[in-house]
Structures are given as structure tokens and as C-alpha cells.
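In: Below: sequence and its predicted model.
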There are 2 protein chains.
Amino acid sequence: MGRHREFDVEKALDAALCVFWRKGYEGASYADLTEAAGVERPALYSAFGNKEALFRKVLARYYERYVDYLPAALQLPTAREVAAHVLQGAIDLTTRYPDHTGCLAIQGVLAGSDEAEPVRQALIESRAEGEAQLRERFERAKAEGDLPETARPDTLAAFLMAVLHGMAVQAKAGFSRETLEAVAEQALVTWPAGRGEGALRPKPRP
Amino acid sequence: MGRHREFDVEKALDAALCVFWRKGYEGASYADLTEAAGVERPALYSAFGNKEALFRKVLARYYERYVDYLPAALQLPTAREVAAHVLQGAIDLTTRYPDHTGCLAIQGVLAGSDEAEPVRQALIESRAEGEAQLRERFERAKAEGDLPETARPDTLAAFLMAVLHGMAVQAKAGFSRETLEAVAEQALVTWPAGRGEGALRPKPRP
DNA sequence: GCGGTTTAATAACGATCGTTATGAAAATAA
DNA sequence: TTATTTTCATAACGATCGTTATTAAACCGC
């Protein structure tokens, strides 16, 4: 019973996602959000809660709908393919939409007021989750001989994430897709090779 | 003639620098700045202008006093040493002060409101300047045979900056110095070698 | 000491921040 | 139709934002 909702919750969430993506958590005002969603302020509150709750819903949606290349990449047969696919997926994501470049999980809150601290921590955790998934995948690759015995899965995951984060910063700064692809290619030059990948073995110490 | 200034301008600038470093441009309120500087609001305005002007002065100070490892690195004899020194310098800078980790030029403004757009552009330009200096240094290295003929100085500079930016994000997220050093080491694994560095030459294409 | 000048401190400015009463409009249940 | 419930829209809340009159105090040259 009761009156029906007149606006599309999914559309409103998408609109809020775009605003947060472009301006970050603190840079996006509630006026920006309501205007983009085409919804009055109390309607947004009753549907999603306050600004922080709305951002958390948006963040979950972001990972589900836009960072879907990560779970897809983890299923690829070799660690190198995983890394290459993640890099290419990130480049696509961070340069595809000209009006909101970069990565929401990075530029959402890197630094901010004390009020934004819980959101900042949430973003840190979300990125740590992705890094952990990569690390576990690389541990598996090492066990499978896909990575050499000398490889450090935790370091490779941290390094790959660093490149991804750096490219996100550069994408937000307006870097072209071509430039970022060159960066990603350079990052892969160093990638260690496993057995049967036709690459040089690590030099044995004399 | 006239009354003398009672507060130390340098100290006030340092205090503002720390606040901006920790909270970013928009996250730092004028109340934060005046409290940290121990100076009343109109005094800060009369000494430095408005918030944007103050931030620009702080940014210049930041590069002069904290990113001094970059000009020092550019003078090293080989491109690899340049890269290694810049990476180590960035790690030191972004992890040395526990209460303001990361890099001001990154977390100052990555994304924000329309009001912060000029400052965001200023940070983009400042980073581009550093990247250009690295690129020119690598071009010289290529001409000197320090980098192979196949090396792309622009790509190497963009890649190195990406790793630096990524490590800054990770430092702000609380990553340890040791982790970042492993990331930097991994980044250097891919570094191309020039003549006389005892490294393998690029494989000739059959 | 006195006029001219610069700074210091208090207080307030209009605007915007996130958030929420309040009452009208719409839909279901009786 | 009437009662009940939920949503919608207007408006306003207190707080904080960056910025600035305004006035008192400290210094210089005379």
C-alpha cells in the first residue's frame, strides 16, 4: 500500500555514480547528486540513506558493473595473461568515458577532511581486496609452475596494483589510451616467465 | 613604517603545507589552516592571499623542499640510476612522516568540485613538468648509448611516473616502506640496459 | 608625543554544506 | 468513500564554508 515511487532507482544510482566518479566523494555535493538524478533531495535520502551510504552503494555498483574485468581476468590460464588483461581492462575503464575518466576507487577519496575518513578507509579496503585476489592468483600460478620459484606473488600483486593506480591518476589527468597502453606494455616487459613460456630462465648465480 | 608581523611566515607556510598534505586542497578548511599555523584568519589572508594562492605557494615550497631528489637524480650518470634514485626518493618522501604520508602533488586534488578545477590543473601541470624532465633525461641517455636504440624515452618516463603515482597512492593507504621498495625493485627489473652495463642485448629479430 | 601606516583580533558576512520537518498528492485496503 | 500509508515537493534547519568589514593595538618617522 502507499504511493508508488516515481523515479527509477537504478537510473538515480547510475547518475550518482557518474557524479561521484567525476568529482569524488567530497567534491560531489548533494545538489550535484539530486540534479544529476533528477530527483528531489528527500527522495534520495529515503531511497539510499545519507551521502556516505549512497556512496557505498555506488561503490559496490562500480565494482560489479565496471570492474568486472578483474574476476574475468583471474580465470585466464597464465599469470601474465591475468596481468595483461587487468591492465587492458583498467585502461578501457579509465579512458572510455570522456566526462568521467580515471577510477572511482582511487579518486573517490585519496585525502580529505576528517568527515570523509570512513569512506577513505572503505576505498582502501576495496583496493586491498583486489590486490589480495591478484596475490592469491599469482600464488596459484607459482604452484602451477606458471611463475618461477623466485617470483614473489605479493610483490607482483603490489607492483601491478601500483601501475594500475598510477595509470588511473594519469587517466584522470587526461592521458590518452595509447600512452597508457605503452605504460602497461612497459610494465609487462619485466613480468617473470614460467616454464614453457619460451622466456629466459633467471641467470644461475655462479 | 607600520606594525611588525608577529608570526613567522615560514612557519605558517610549513604548517599549511602539512595540513594540505594530509587533507588535500578541498579537505583542508581555513579553520584547519589557521589553527595549525597559530594565526588568525585575516593574517593568513593578508600574508598569502586566498586559499588557492596559499596552496600554490605551498605547492612551490613542496617541490623545492621535498621533491629535491628529482633534480639530484637527473644528474646521475645512467638512466637506470636516475630511475632508481627517483623511486627511492619518492618512497622516502611518502613514508617518512607518519602524519602526512603520500604525495601532495597527487592527493592535493585528484577529483573535486568545479571550484577546485584550477588547482587540479596546476597539479597536473606540475606532474607533467617532472615527467618532461625525466623524458629529456632519458632522451639524452639514449643518445649517449646509455639506453638501447629501441628504448622509448617518453614511454619510460610515463611508466616511471605511473609507478611513482601508484606508490604514492599506496603510501597514503598506509603501505610500508619495505613493500614500496619491493614494488620499486620490480619496476626496475624491466628497465632496459644500455651498452656496457653487462646486460643482455635485445634479441635480434630473425 | 603625534600623525601615518601596517598588523592583530573580534566578529560577522553571504553562500553552500548535508540533512530533515512539514504538509500536499497519490495509491492501496477496508 | 474513507482511512491509512507511502512518496513527493517546498522550504527551512543548524553548521560550516571561504572571505572580509571593522576596530584596537603596535610600530615608524617627524
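Out: Received the coordinates, thanks.

In: Mind listing residues that contact stretch A:163-181?
Out: Here stretch A:163-181 makes contact (C-beta atoms under 8 Å, 6 or more residues apart in numbering or on different chains) with A:86-88, A:90-92, A:94-95, A:101-103, A:106-107, A:127, A:183-184, A:187, B:106, B:110-111, B:124, B:127-128, B:155, B:158-159, B:161-167, B:169-170. (Glycine included, C-beta is placed from N, CA and C.)

In: can you give me the end-to-end distance of that stretch?
Out: 11 Å (C-alpha to C-alpha, to the nearest Å).

In: Run the chain-centre distance for that stretch.
Out: Chain-centre distance of stretch A:163-181: 13 Å, with C-alpha atoms, centre = their mean, to the nearest Å.

In: Give me the buried positions along it.
Out: A:163-173, A:175, A:179-181 (16 or more other C-beta atoms under 10 Å in any protein chain shown).

In: And stretch A:33-53, by the same measure?
Out: So stretch A:33-53, judged by 16+ other C-beta under 10 Å, has buried residues A:33-34, A:36-37, A:39, A:43-44, A:47-48, A:51.

In: pLDDT on it, on average?
Out: Stretch A:33-53 comes out with an average pLDDT of 96.

In: how about it, does it reach chain B?
Out: No. Using C-beta under 8 Å from any C-beta of the partner chain, stretch A:33-53 never reaches chain B; the gap is at least 12.4 Å.

In: Quick one: end-to-end distance for that stretch.
Out: 13 Å.

In: Do a quick rundown of the helices in chain A.
Out: Assigned by DSSP state H, the helices in chain A fall at A:9-27, A:30-37, A:41-48, A:51-65, A:69-74, A:79-96, A:104-107, A:117-143, A:153-172, A:177-189.

In: for those, which one sits closest to DNA strand D?
Out: helix A:41-48 (3.9 Å; C-beta to the nearest atom of the strand).

In: Which other helices and strands does the closest one contact?
Out: Contact analysis of helix A:41-48 by 3 or more C-beta pairs under 8 Å, 6 or more residues apart in numbering or on different chains; DSSP states H and E lists helix A:9-27, helix A:30-37, helix A:51-65 as its packing neighbours.

In: which secondary structure elements does the shortest one contact?
Out: Taking 3+ C-beta pairs under 8 Å, 6+ apart as the contact definition, the neighbouring helices and strands of helix A:30-37 are helix A:9-27, helix A:41-48, helix A:51-65.

In: Kindly export the shortest one (C-alpha atoms) in CSV.
Out: So that's helix A:41-48. Taking C-alpha atoms only, helix A:41-48 is exported to CSV below (Å, rounded to 0.1, in the frame of the first residue of the first chain):
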residue,chain,number,x,y,z
ARG,A,41,16.7,15.7,-2.0
PRO,A,42,14.4,13.9,0.4
ALA,A,43,13.7,11.3,-2.3
LEU,A,44,17.4,10.4,-2.5
TYR,A,45,17.6,10.2,1.3
SER,A,46,14.6,7.9,1.7
ALA,A,47,15.9,5.7,-1.1
PHE,A,48,19.6,5.4,-0.2
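
In: How far does it sit from its chain's centre?
Out: 27 Å.

In: swap in stretch A:137-154?
Out: Worked out by C-alpha atoms, centre = their mean, stretch A:137-154 lies 23 Å from the chain centre.

In: give me the number of residues near the spatially closest residue to residue A:18 that is not a sequence neighbour?
Out: Nearest-residue entry for residue A:18: residue A:100, 5.5 Å, with adjacent residues in sequence omitted and distances by C-beta to C-beta, 6 or more residues apart in numbering or on different chains. When neighbours are counted by other C-beta atoms under 10 Å in any protein chain shown, residue A:100 registers 19.

In: from memory residue A:100 sits against residue A:22, does it?
Out: Yes. Counting by C-beta atoms under 8 Å, residue A:100 does reach residue A:22; the two are 4.3 Å apart.

In: related to what we said a few turns ago, who are the contact partners of the residue nearest to residue A:18?
Out: Per C-beta under 8 Å, 6+ apart, neighbours of residue A:100: A:18, A:21-22.

In: Looking at the helices and strands packed on helix A:41-48, which is nearest to residue A:142?
Out: Among those, the nearest to residue A:142 by C-beta to C-beta is helix A:51-65 (26.3 Å).

In: Can you give the contact residues for that closest one?
Out: A:13-14, A:16-17, A:20-21, A:25, A:30, A:33, A:44, A:48, A:104-105, A:108, A:118-119, A:122-123, A:126.

In: do that helix and DNA strand C meet?
Out: Yes. Residues of helix A:51-65 contacting DNA strand C under C-beta under 7 Å from any atom of the strand: A:51-52.

In: Neighbour-wise, which one of the contacts of residue A:100 leads?
Out: In these, the most neighbours by other C-beta under 10 Å go to residue A:21, 24 neighbours.

In: how about the nearest residue to that one, chain neighbours excluded?
Out: Closest to residue A:21 by C-beta to C-beta, 6+ apart is residue A:100, at 4.0 Å.

In: where does that neighbour fall, phi/psi-wise?
Out: According to degrees, to the nearest 10, the main-chain angles of residue A:100 amount to phi -150, psi 80.

In: Check what pLDDT it gets.
Out: The model reports residue A:100 with a pLDDT of 98.

In: what residue ranges in chain A score low on pLDDT?
Out: Within chain A, the ranges that satisfy pLDDT under 70 run A:193-206.

In: Output the set of residues of it in proximity to DNA strand D.
Out: So chain A meets DNA strand D at A:1-7, A:39-43, A:46-47, A:113 (C-beta under 7 Å from any atom of the strand).

In: one more time with 10 Å, if that's ok
Out: Proximity of chain A to DNA strand D, by C-beta under 10 Å from any atom of the strand, involves residues A:1-9, A:12, A:30-31, A:34, A:38-47, A:113-115.

In: Go back to these and keep what's next to DNA strand C.
Out: Checked against DNA strand C using C-beta under 10 Å from any atom of the strand, those yield the following neighbours: A:1-6, A:30-31, A:34, A:40-46, A:115.

In: What residue in chain A comes nearest to DNA strand D?
Out: For chain A, C-beta to the nearest atom of the strand, closest residue to DNA strand D: residue A:2, 2.2 Å.

In: Give me the phi and psi for that residue.
Out: Main-chain torsions, residue A:2, degrees, to the nearest 10: phi 100, psi 170.
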